[in-house]
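K.L.:
Fold the following for me, if possible:
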Amino acid sequence: MRHVIVVLSVLLLWTAGASAATYEIKHDARTGNAWYGGDDRPSFGPRHVGKGQSVIVHSAIQLESFSLAFDREFDYYENPEGVGHEVTLVLHVRDDQGVILKRMELVVPDSYEGGWVTWQGIDLPVAAETTLIFTSYLIGAYDANQYVGRVTVDSSNGYPDGGHLTASGTSDADLESWSTWGNPQRNDLKFWLVGTATVSGQPVSIGSVKSMY
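P.N.:
Model (predicted):
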């Protein structure tokens, strides 16, 4: 029998002398992977595939970073020019209607072999009990290169406050448009959100640790 370990936490962390509390949601589970990037396989492509995850933020925070996990390098599907290529990944932070609140780009080097990819410095104020939708795609995946990666997923739907979304098209513009993104899928992405807890826009400090597993 296969056992699946799910670590899901919402943390407010405090250390002596700290001026602010860290708010963290980490869904750290993996049962498989999902296609991301260019896809030139005859039975599926050509297409450009992006991935997203909706998340409920339960406390007022200043959102600082968001991470997704991939289980391999970014490469051509047919691998004609070696293993691993530098790519640029886009992250859109959207509201619950799909409106883009923040756009971030991140260059992933050719030395990357899998693991967390983190967009830092988001610096976005978020009210308590807000649903955010994080959508991402690989710039230029739908072209002659057909770069592809494998985003890590949890097929158990282990994250209770959101869902995994997907989009496909034939251009970067298709994945910018909210109309391309479909309903939540049958699995959740492996993701990690970090922010600073705030009250009326100001950082707060606390003297205890709250966690949920």
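
K.L.:
Show me what the residue sitting nearest the centre point of the chain bridges to in the sheet.
P.N.:
Centroid check for the chain by CA atoms, centre = their mean gives residue 68 as the closest residue, at 4.1 Å. Beta bridges link residue 68 to residue 117, residue 191 when assigned by DSSP bridges.

K.L.:
which residues does it contact?
P.N.:
Applying CB atoms under 8 Å, 6 or more residues apart in numbering to residue 68 gives the contacts 51, 53, 116-117, 134, 136, 151-152, 189-191. Bear in mind the C-beta positions are built from the backbone N, C-alpha and C, glycine included.

K.L.:
Please identify the pairing partners of the helix or strand where residue 103 lies and their relative orientation?
P.N.:
Taking DSSP states H and E as the criterion, residue 103 maps to strand 100-108. Looking at strand 100-108 with DSSP bridges, its partner strands are strand 87-94 (antiparallel).

K.L.:
mind listing the helices in this protein by residue range?
P.N.:
Remark: helices assigned in the chain by DSSP state H are 172-176.

K.L.:
low-scoring stretches of this structure, by residue?
P.N.:
By pLDDT under 70, the low-scoring segments of the chain are 1-19, 78-80, 144-145, 200-213.

K.L.:
Quick one, which of the contacts of residue 68 are buried?
P.N.:
51, 53, 117, 134, 136, 151-152, 189-191 (16 or more other CB atoms under 10 Å).

K.L.:
Widest-spaced pair of those?
P.N.:
134 and 152 (14.4 Å; CB to CB).

K.L.:
if we can go back for a sec, quick one: contacts of the strand holding residue 103?
P.N.:
Contacts of strand 100-108 (CB under 8 Å, 6+ apart): 74, 86-95, 117-119, 121-122, 124, 132, 139.

K.L.:
can you count the residues close to the residue lying closest to residue 148 once chain neighbours are set aside?
P.N.:
Distances taken as CB to CB, 6 or more residues apart in numbering put residue 37 closest to residue 148, at 4.1 Å, once the chain neighbours are dropped. Around residue 37 there are 29 other residues, counting by other CB atoms under 10 Å.

K.L.:
do residue 109 as well
P.N.:
Here the number of neighbours of residue 109 (other CB under 10 Å) works out to 10.

K.L.:
If you drop the residues flanking it in sequence, what lies closest to it?
P.N.:
What sits nearest to residue 109 in space, not counting adjacent residues and going by CB to CB, 6+ apart, is residue 86, at 5.5 Å.
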